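**Q** Okay, predicted coordinates and the sequence, questions at the end:
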Amino acid sequence: MSRAPRLSSATLTQLPPQIMRPGYDRAAQKTGCVHFGVGAFHRAHQASYFDALMNAGKSDWQVLGVSMRSPAVGDQLNPQDGLFTVNVRDGAQNRLQVVGSIREVVLAGKDSRRIIDALASPDVSLATITVTEKGYCLAPATGALDLANAAIARDMESGMTPSSLPGLLCAGLAARRAANARPLTILSCDNLSNNGVAARQAVVGFAAETNEDLARWIERECAFPSSMVDRIVPATTQADIDALERKIGLRDEATVSTEPFSQWVVEDRFAARRPPLDMAGVQFTSDVAGWEHAKLRLLNAAHSSMAYLGALAGFDFIHEAIAFPPLKAHVEALWDEQEATLRPTPGLNMREYRVRLLERFSNPALHHRTRQIAMDGSQKLPPRLVAPLRERRRSGLTCPNQCLVIAAWMRWQLGQDETGRAYTVDDPLANETRRRLRDTHGDPQAMVHALLGVESVFPPVLASDDNVVGELTRSLGSLLNLGARETLSRRF
Ligand code: CS2
């Protein structure tokens, strides 16, 4: 049990002098942003940008953090007055910085009144979101708000205090309209294509069912820009917290580790005053889609490939997977297939982007686990691999490397590694994939057929594409018979 005091406003002065900390008067700042989903990614990314903004002399960009489900984030951050340490790691350096932009964390449901009041406040001009795909409560088939979703149905009952993202935002916008009618910008920072459209569908969809006037006002006055966010953030471990305590002499339960690289490209479409985030390194653009696609189809697709093939081949970490030459060669070949589906984007040089990605993946200090990325594959595969695969097939192109990754995901659903050890398939569709695989008895053709039937992942046309079915069956057969290392070594 640790005896070091917790990091907090009161203990900040005890930090070793070389550690960077807020250079602004935290108590004098107003809350300018309400953020939904205060996970590690938010802390290493958007919260760090707001901190940089206030360090650069721009005031009133403190963040009220909303934890959507778990009180754990509040228990980590509130006793620390919202302070936490970002540990920037790469091979050569290790830079620690205490970030002060989070004022407090409140809990959806329990603290909904406070959240609604904050959304109505004239000081707040921005709501940002990282709640992952599930948090938008959209139906995968239509992209519209899923009225059958239990949280949505509950929030729509009259007199209920909302706790879902769409319910909370609509209640906040209704209060805002009644109080001052100033519009709000709602900025999704989730790793989805067209994330601004997803946020809009969720919020306007909810309002349309409950208050048509409000829906019209939101459509007319509020803005839902899309954005591309990028920073690799491995899950914090107990060992990270203990090691930090030895270094700084304070206990920080909310610390996050990350890489030096960070990028945030935001569609330049704001409802009212635009936060001067460009002073903190944000790129404003009229074309986010090109950046989003490049990031999802190059960085994230390669991550998924290294997650499944790498973990099956026995690599625990991304830097180990990318150091295995056949896997690196496969990633390059996968990128060739993916890149053919990307259109030129001003300011984005694909060759340099790929070189940079290889450097980032090779960072030995980051300890980014292949299993962390393997989580939620059913949600991640469609924008990363299935959409570009369909585009290639429409142009009559073959897709051997895209199919190899999808086959590795299929192999992963068995929940047993190549040495026979069992693991948990951490995925909202894990029960469905297990049920579908039950009577396939390790026959690759039957497995491919069974899993291509998961309609929220694969559009039905793929099951009747002989080329794709053939590639998937060959790759899965090879992974089952030879294993991932040998499959890769024979091909590359
Ligand atoms: C990763 C991403 O876990 C995953 O699926 O691919 O979290 C990735 O690290 C980030 O998108 C990088 O910006």
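**A** Received the coordinates, thanks.
**Q** Can you give me the distance of the residue nearest to R371 when sequence neighbours are not counted to the ligand?
**A** Spatially, and ignoring its direct neighbours in sequence, R371 is nearest to A311 (5.9 Å; CB to CB, 6 or more residues apart in numbering). For glycine as for every other residue, the C-beta is placed from the backbone atoms N, C-alpha and C. According to CB to the nearest ligand atom, to the nearest Å, A311 stands 12 Å off from the ligand.
**Q** again, but for Q238
**A** For Q238, the distance to the ligand (CB to the nearest ligand atom) stands at 20 Å.
**Q** Count the residues that sit near the closest residue to the ligand within the chain.
**A** Closest contact between the chain and the ligand, by CB to the nearest ligand atom, is at H303 (3.5 Å). Using other CB atoms under 10 Å, H303 is surrounded by 24 other residues.
**Q** Helix, strand, or coil at it?
**A** helix (DSSP: H, G, I helix; E, B strand; the rest coil).
**Q** so what's it up against?
**A** Listed by CB atoms under 8 Å, 6 or more residues apart in numbering, the contact set of H303 reads 318, 373.
**Q** what pLDDT does it get?
**A** With respect to pLDDT, H303 scores 98.
**Q** Repeat that for I19.
**A** On pLDDT, I19 comes in at 96.
**Q** could you measure the nearest residue to H45 once chain neighbours are set aside against T130, distance?
**A** Leaving aside its sequence neighbours, H45 sits nearest to R231 (CB to CB, 6+ apart; 4.9 Å). Using CB to CB, to the nearest Å, one obtains 11 Å as the distance from R231 to T130.
**Q** what do you get for D190?
**A** 6 Å.
**Q** residues shared between the contacts of those two?
**A** In contact with both D190 and T130: V229, using CB under 8 Å, 6+ apart.
**Q** near the ligand, anything from the lowest-mean-pLDDT helix or strand in the chain?
**A** Lowest by mean pLDDT, DSSP states H and E among the helices and strands of the chain is helix 377-381, with a mean of 93. Yes - counting by CB under 6 Å from any ligand atom, the ligand has neighbours in helix 377-381: K380.
**Q** contact partners of that helix?
**A** Helix 377-381 is contacted from outside by 132-134, 300, 304, 307-308, 406, 409, 412, 427-429, 433, 454, 456-457, using CB under 8 Å, 6+ apart.
**Q** Just the buried ones from the residues you listed, in ChimeraX syntax?
**A** One line in ChimeraX is enough to select the buried ones among these; burial here means 16 or more other CB atoms under 10 Å:
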select :132,133,300,304,307,308,406,409,412,427,429,433,457
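**Q** Enumerate every residue touching the closest residue to T11 other than its chain neighbours.
**A** Sequence neighbours aside, P5 is the residue nearest to T11 in space, at 5.2 Å (criterion: CB to CB, 6+ apart). Residues in contact with P5, defined by CB under 8 Å, 6+ apart, are 11, 14, 250-251.
**Q** Neighbour count and secondary structure added to those, as TSV?
**A** Output for these, formatted as TSV (neighbours: other CB atoms under 10 Å; DSSP: H, G, I helix; E, B strand; the rest coil):
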residue	neighbour count	secondary structure
T11	18	coil
Q14	13	helix
L250	23	coil
R251	20	strand
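**Q** Those: which two are farthest apart?
**A** Within the contacts of P5, Q14 and R251 form the most distant pair, 11.6 Å apart (CB to CB).
**Q** Of all the residues in stretch 47-64, which ones are buried?
**A** For stretch 47-64, a neighbour-count test (16+ other CB under 10 Å) marks 47-55, 58, 60-64 as buried.
**Q** ditto for stretch 274-291
**A** The neighbour-count check on stretch 274-291 (16+ other CB under 10 Å) flags 274-275, 277, 280, 282-285, 287-288, 290-291 as buried.
**Q** Likewise for stretch 362-371?
**A** In stretch 362-371, counting by 16+ other CB under 10 Å, buried: 362-363, 366-370.
**Q** between these, which is nearest Q201?
**A** Closest approach to Q201 among the buried residues of stretch 362-371 (CB to CB): H368, at 31.6 Å.
**Q** What separation do you get for the residue of the chain closest to the ligand and V405?
**A** To V405, H303 is 10 Å away according to CB to CB.
**Q** Low-confidence stretches in the protein?
**A** Low-confidence segments of the chain (pLDDT under 70): 1-2.
**Q** Comparing R231 and T130, which shows the higher neighbour count?
**A** The neighbour count for R231 versus T130, taken as other CB under 10 Å, is higher for T130 (22 against 19).
**Q** And for the more buried one, nearest residue in space, chain neighbours not counted?
**A** Nearest one to T130, counting by CB to CB, 6+ apart, is G37 at 4.1 Å.
**Q** I'd say the one you found and A127 touch.
**A** No - G37 is beyond contact range of A127, at 11.2 Å (criterion: CB atoms under 8 Å).
**Q** coming back round to it: in helices only, show me the contacts of helix 377-381.
**A** 304, 406, 409, 412, 433 (DSSP state H).
**Q** which residues touch the residue nearest the centre of the chain?
**A** In the chain, the residue lying closest to the centroid (CA atoms, centre = their mean) is N191, at 4.5 Å. Shown in contact with N191 (CB under 8 Å, 6+ apart): 229, 295-296, 300.
**Q** Would it be right to say that N87 lies in a strand?
**A** Yes - the assignment for N87 is a strand, going by three-state DSSP.
**Q** Just checking stretch 168-188 against the ligand, any contact.
**A** No - Stretch 168-188 lies apart from the ligand when judged by CB under 6 Å from any ligand atom; the minimum separation is 13.8 Å.
**Q** can you pull the buried residues of that stretch?
**A** 168-177, 182-188.
**Q** what's the answer for stretch 79-98, then?
**A** In stretch 79-98, counting by 16+ other CB under 10 Å, buried: 80-90, 96-98.
**Q** In JSON lines: those residues, plus distance to the ligand.
**A** Formatted as JSON lines, those follow (distance: CB to the nearest ligand atom, whole Å):
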{"residue": "Q80", "distance to the ligand": "25"}
{"residue": "D81", "distance to the ligand": "28"}
{"residue": "G82", "distance to the ligand": "23"}
{"residue": "L83", "distance to the ligand": "24"}
{"residue": "F84", "distance to the ligand": "19"}
{"residue": "T85", "distance to the ligand": "20"}
{"residue": "V86", "distance to the ligand": "15"}
{"residue": "N87", "distance to the ligand": "16"}
{"residue": "V88", "distance to the ligand": "15"}
{"residue": "R89", "distance to the ligand": "14"}
{"residue": "D90", "distance to the ligand": "15"}
{"residue": "L96", "distance to the ligand": "21"}
{"residue": "Q97", "distance to the ligand": "19"}
{"residue": "V98", "distance to the ligand": "23"}
